[in-house]
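1. Build me a model from this:
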Amino acid sequence: MNYLSKWGNSAAIRIPKAIKSFLWSVRILRRINMDRDWKEIKKELLFNPEVKAEYDNLAIEYELIRQVIKARKEKNITQAELAMKVGTKQSNISRLEY
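-> Sure thing, here's the model as predicted:
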């Protein structure tokens, strides 16, 4: 499933319901028990099959983003230079890398 949609000149990310639930759960868990390790919380949240499926789907996107960042840094070019090469704005590259 593609979470990017065109709105004018910029790309907006639609956050799936399961990810919203995941993020909300993290906020609640952080308030309830600050002593818990993030790895424990993540393991508990990923026990939910919906959250796990969305997490796995997003892993592909994040790996692609990591590869874009790595390639840009290896070529020693700025976000603005990359944006010009691919025909977009620097702010879009920044948003992608964030």
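2. quick one, helices of this protein?
-> 17-32, 38-45, 49-74, 79-86, 90-97 (DSSP state H).
3. and those helices as TSV, adding mean neighbour count?
-> C-beta here means a position set from N, CA and C on the backbone, and glycine is covered the same way. Compiled in TSV, the helices of the chain are given as follows (neighbours: other C-beta atoms under 10 Å):
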stretch	mean neighbour count
helix 17-32	13
helix 38-45	12
helix 49-74	13
helix 79-86	15
helix 90-97	15
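4. JSON lines for those helices, including mean pLDDT?
-> Output for the helices of the chain, formatted as JSON lines (pLDDT from 0 to 100):
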{"stretch": "helix 17-32", "mean pLDDT": "67"}
{"stretch": "helix 38-45", "mean pLDDT": "82"}
{"stretch": "helix 49-74", "mean pLDDT": "90"}
{"stretch": "helix 79-86", "mean pLDDT": "94"}
{"stretch": "helix 90-97", "mean pLDDT": "91"}
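5. what sits against residue 96?
-> Contacts for residue 96 were tallied using C-beta atoms under 8 Å, 6 or more residues apart in numbering; they are 65, 68.
6. what about it, distance to residue 86?
-> 10 Å (C-beta to C-beta, to the nearest Å).
7. With residue 98 instead?
-> In terms of C-beta to C-beta, residue 98 sits 17 Å off from residue 86.
8. Could you do residue 79 as well?
-> Distance from residue 79 to residue 86, by C-beta to C-beta: 11 Å.
9. Now do the same contact list for residue 85.
-> So residue 85 contacts residue 77 (C-beta under 8 Å, 6+ apart).
10. and what of residue 77?
-> residue 85.
11. Look up phi and psi at it.
-> phi -120, psi 150 (degrees, to the nearest 10).
12. That one and residue 18, how far apart?
-> In terms of C-beta to C-beta, residue 77 sits 36 Å off from residue 18.
13. now residue 76
-> 39 Å.
14. what's the answer for residue 53, then?
-> In terms of C-beta to C-beta, residue 53 sits 7 Å off from residue 18.
15. do residue 91 as well
-> For residue 91, the distance to residue 18 - C-beta to C-beta - is 28 Å.
16. before we move on, what about residue 38?
-> 19 Å.
17. got it, and residue 49?
-> Applying C-beta to C-beta to residue 49 and residue 18 gives a distance of 9 Å.
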